[in-house]
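Visitor: have a look; sequence and predicted model below, questions after that.
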Amino acid sequence: MTGIVAIIGSGVIGAGWAARFLLGGWHVRVFDPDPGAETRLEATIARAKVSLPGLYDTPLPPPGRLSLHATIPEAVSGATWIQENLPERLELKRKVFQTIQAACAPEAILASSSAGLTLDALRACATRPAQICAIRPCDPVYLLPLAEVTCPEPAVADRIQAILTGLGMIPSDGSVTQSLQAALLRRALEMIRDGEASPVQIDEALRLGLAPLWSQRGPFGTASDGAGPAQFALTEGADGKAWTDSPADTPALSRSSPPASDARFVQRDAALVGMLRALKAETVGAGAGLADADRARVPAQGADTAPLLTAARTVPRDWADYNGHMTEARYLHAFGNATDRFMEILGVDADYLASGGSFFTAETHIRHLAELRIGAAFEIRTTCLDGTGKRMHLWHEMRCDGVLVATGEHMLIHVSLETRRPAPPASPVAEALARIAQAHARLATGPGVGRAIGDPR
């Protein structure tokens, strides 16, 4: 389902709504008298275009058209959905709603992103009170799926659910997020005031421990994976105070989620690994420590007189395919990482890249010789077959318990990142490449070097 959406106010939330609707195929009209509105919108939409498609394995619909309008009536005329995102000033919102309703279709959805005002307050003084509803998203709107909906009219609520679902969002009745966030922050401030914890300790407790777990099952579901709901409710905290006085205080806990099982734990662990690896790739949150540990464990390359050790790791769960072994794309991933490590050994580091030089892969050939399953430890050793001029010809051998499981042969060309054309490498890199290639020329090459697909050699 697509149509026309009018965005009234394009701050952080409004711009996020605009991006979510635009990339969902809707035509987006924006009213915002702020001179910086267009720049803010463009920046938000640019970020969304990079990140939102990464959530899916299917293509998004063609994006809609974005237009900025000088007046509210011009923006809302003919709109299917009107999303108000103004500052939390009740009189301002009421005045704007009257202007909107004078120009919009009676059947249009008129939604407010207000987090602090009740629906009754928003509807007071409205021309058509029943047309107004509250839909509160989380930031960034274009990525996080939750949309908390307050709409007493069933027919309108059904339309809202259909549209939000079509945008990849998950509608939920009521308004819970803001209250929970406020309660958590209030308790955190109390702990800081009373000397129980520092801001750093509180941030670490959430980002390194609770948040990754809660993101899957919430606090009650997470509790049922551990000691169980009743025990969770009665366990005393570090301050010796019981969280509740009796099980009767928390009657819903025992029904909040199904009991934990081995399959549930396997699913939980797999999701945690995926999240933590994503955080590690960006070196943020709980992933920063993992990235540090990786850097500390980079294997020593060894002497130039032997193939260089360029990778040593185990197969993570998300690298396995439907056959239960490492998917073919991950072989290329692993060999690509080994190539990157070889380039680091040559001196192609961040400073070198900033100076304008790098290697681009021109050709690759991978042979799959044996299986690698989840948890299997493997290493890659690399031989440089040629390092003259702009060429870098590499031969990777992947082994598990001494058994050759795959080979990768790669031809790379040194380029100028400014012209994106072949160019000789700078002296230190060229000298290191020539030195290693000369040392490796004395090594015997294994079977498969230079082999084409179907060649029986």
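Guide: Thanks, I have it.

Visitor: the domain parsing of the chain - what is it?
Guide: The chain breaks down by automatic domain parsing into domains covering 4-175, 178-256, 261-297, 298-440.

Visitor: by mean pLDDT, show me the worst of the ones you listed.
Guide: Among the domains of the chain, domain 178-256 carries the lowest mean pLDDT, a mean of 72.

Visitor: picking up where we left off before, can you lay out the domains of the chain as a markdown table showing distance to residue 454 and mean neighbour count?
Guide: C-betas here are computed from N, CA, C, even on glycine. Below are those laid out as a markdown table (distance: least, Cβ to Cβ, whole Å; neighbours: other Cβ atoms under 10 Å):
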| stretch | distance to residue 454 | mean neighbour count |
| --- | --- | --- |
| domain 4-175 | 31 | 18 |
| domain 178-256 | 46 | 13 |
| domain 261-297 | 36 | 13 |
| domain 298-440 | 12 | 17 |
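
Visitor: now the helices for the stretch 151-300 of the chain?
Guide: Secondary structure of the stretch 151-300 of the chain by DSSP state H, counting those that start in this stretch: the helices cover 154-166, 177-193, 199-205, 211-224, 229-234, 262-282, 286-296.

Visitor: about what we covered before: adding distance to residue 449, write the domains of the chain out as JSON lines.
Guide: JSON lines is the format used below for the domains of the chain (distance: least, Cβ to Cβ, whole Å):
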{"stretch": "domain 4-175", "distance to residue 449": "36"}
{"stretch": "domain 178-256", "distance to residue 449": "45"}
{"stretch": "domain 261-297", "distance to residue 449": "30"}
{"stretch": "domain 298-440", "distance to residue 449": "6"}
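
Visitor: in JSON lines: the helices of the stretch 151-300 of the chain, plus distance to residue 435.
Guide: Output for these, formatted as JSON lines (distance: least, Cβ to Cβ, whole Å):
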{"stretch": "helix 154-166", "distance to residue 435": "59"}
{"stretch": "helix 177-193", "distance to residue 435": "56"}
{"stretch": "helix 199-205", "distance to residue 435": "45"}
{"stretch": "helix 211-224", "distance to residue 435": "45"}
{"stretch": "helix 229-234", "distance to residue 435": "62"}
{"stretch": "helix 262-282", "distance to residue 435": "32"}
{"stretch": "helix 286-296", "distance to residue 435": "25"}
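
Visitor: looking at those helices, which is closest to residue 92?
Guide: Closest approach to residue 92 among these is made by helix 177-193 (19.4 Å; Cβ to Cβ).

Visitor: next, the angle from the closest one to helix 211-224.
Guide: Angle between the axes of helix 177-193 and helix 211-224 is 100 degrees (criterion: axes from the mean of the first three to the mean of the last three Cα atoms, to 10 degrees).

Visitor: now do the same contact list for the residue nearest to the spatial centre of the chain.
Guide: Residue closest to the average C-alpha location in the chain (Cα atoms, centre = their mean): residue 278, at 6.7 Å. Listed by Cβ atoms under 8 Å, 6 or more residues apart in numbering, the contact partners of residue 278 are residue 287.

Visitor: the longest strand along the chain - which strands sit beside it in the sheet, and in what orientation?
Guide: The strand that spans the most residues within the chain, counting by DSSP state E, is strand 403-416. Next to strand 403-416 in the sheet, as set by DSSP bridges, lie strand 357-368 (antiparallel), strand 391-400 (antiparallel), strand 421-422 (antiparallel).

Visitor: could I get these as CSV with distance to residue 329?
Guide: Output for these, formatted as CSV (distance: least, Cβ to Cβ, whole Å):
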stretch, distance to residue 329
strand 357-368, 10
strand 391-400, 14
strand 421-422, 27
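
Visitor: closest to residue 143 out of those?
Guide: Nearest to residue 143, of those and by Cβ to Cβ, is strand 357-368 at 30.6 Å.

Visitor: output the contacting helices and strands for the helix or strand just after that closest one.
Guide: Tracing the chain C-terminally past strand 357-368 and defining elements by DSSP states H and E, one meets strand 377-386 next. With contacts taken as 3 or more Cβ pairs under 8 Å, 6 or more residues apart in numbering; DSSP states H and E, strand 377-386 sits against strand 308-314, helix 328-346, strand 391-400, helix 427-440.

Visitor: at 10 Å instead, please
Guide: If you count contacts as 3 or more Cβ pairs under 10 Å, 6 or more residues apart in numbering; DSSP states H and E, strand 377-386 packs onto strand 308-314, helix 328-346, strand 391-400, strand 403-416, helix 427-440.

Visitor: can you pull up the bridge partners for residue 111?
Guide: Taking DSSP bridges as the rule, residue 111 bridges to residue 83, residue 133.

Visitor: that one reaches residue 148, doesn't it?
Guide: No - when contacts are counted by Cβ atoms under 10 Å, residue 111 is not listed as touching residue 148 (11.2 Å).

Visitor: any common contacting residues for these two?
Guide: Listed as contacting both residue 111 and residue 148 by Cβ atoms under 10 Å, 6 or more residues apart in numbering are 134-137.

Visitor: from those residues, which is closest to residue 321?
Guide: Nearest to residue 321 among the shared contacts of residue 111 and residue 148 is residue 137, at 35.3 Å by Cβ to Cβ.

Visitor: enumerate every residue touching that closest one.
Guide: Residue 137 makes contact with 13, 16-17, 20, 83, 85, 111, 113, 115, 144-148, 164, 169, 177 under the criterion Cβ under 10 Å, 6+ apart.

Visitor: now residue 170
Guide: Each residue near residue 170 by Cβ under 10 Å, 6+ apart is listed here: 144-148, 161, 164.

Visitor: just name the closest of those residues to residue 438, please.
Guide: Of all the contacts of residue 170, residue 438 sits closest to residue 144, with 54.5 Å by Cβ to Cβ.

Visitor: what does residue 148 show for phi and psi?
Guide: phi -90, psi 120 (degrees, to the nearest 10).

Visitor: pretty sure it contacts residue 160?
Guide: No - contact criterion Cβ under 10 Å: residue 148 and residue 160 do not qualify, at 11.3 Å.

Visitor: which residues do these two both contact?
Guide: Counting by Cβ under 10 Å, 6+ apart, the contacts common to residue 148 and residue 160 are 135, 171.

Visitor: any idea what residue 366 is bridged to?
Guide: Beta-bridge partners, per DSSP bridges, of residue 366: residue 408.

Visitor: quick one: it and residue 356, what's the gap?
Guide: Distance of residue 366 to residue 356, given as Cβ to Cβ, to the nearest Å: 30 Å.

Visitor: what does residue 162 give?
Guide: Taking Cβ to Cβ, one finds residue 162 at 52 Å from residue 356.

Visitor: picking that back up, now render the helices and strands packed on strand 377-386 as CSV, adding distance to residue 56.
Guide: Formatted as CSV, the helices and strands packed on strand 377-386 follow (distance: least, Cβ to Cβ, whole Å):
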stretch, distance to residue 56
strand 308-314, 28
helix 328-346, 17
strand 391-400, 31
strand 403-416, 30
helix 427-440, 39
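
Visitor: out of these, which is closest to residue 60?
Guide: Closest to residue 60 of the helices and strands packed on strand 377-386 is helix 328-346 (Cβ to Cβ; 21.9 Å).
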